[in-house]
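Participant: Got a sequence here, can you model it:
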Amino acid sequence: MFVVVHPWLRKLHHDLVRPLLWPARDCQDLGQIPAPGELRQTLFDNEGNPIDAILLWRKLKEDAPADTDADDFEAALHVALAAARADNVAGVLALELAYESLKHRFCPEAGNLASTLNGEDT
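Facilitator: Residues are numbered from 1 along each chain as shown. All right, here's what the predicted structure looks like:
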């Protein structure tokens, strides 16, 4: 199953979600406890300058399609950032569910990203 993801969602995932999830996924996959501060990531804006995650989110949100309801995602982002500061892997990984929920509102036929990538239909 091939799903076309809205360009704004792709940018959100590429610039914000994926970089925040990588270190937490690595820790989970390797069964490791994160080193202090390991889950806190430096993000970059379009010019390659370091940017705070919330500020990046606000810039991305400005470009969201009209009527995008991303309040749940924003709340989950705040929780994930707090989890990263607390070195809490599961708390950071919860951001993926919020992204999936947001994506599903854009494209209900997309189903679950993990299932889609594994070639399964949901």
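Participant: What segments of the chain are strands?
Facilitator: Along the chain, counting by DSSP state E, strands occupy 43-44, 50-51.
Participant: Contacts made by the last one with the rest, please.
Facilitator: Spelled out, that is strand 50-51. The contact list for strand 50-51 (C-beta atoms under 8 Å, 6 or more residues apart in numbering) reads 42-45, 59. C-beta here means a position set from N, CA and C on the backbone, and glycine is covered the same way.
Participant: Give the pairing partners of that strand; include direction for each.
Facilitator: Here strand 50-51 is paired, per DSSP bridges, with strand 43-44 (antiparallel).
Participant: quick check: mean pLDDT across the partner strand?
Facilitator: For strand 43-44, mean pLDDT is 94.
Participant: One more: stretch 105-121?
Facilitator: Mean predicted lDDT for stretch 105-121 stands at 51.
Participant: Local confidence estimate at the residue nearest the centre of the chain?
Facilitator: For the chain, the residue nearest the mean C-alpha position is Val17 (2.3 Å; C-alpha atoms, centre = their mean). With respect to pLDDT, Val17 scores 97.
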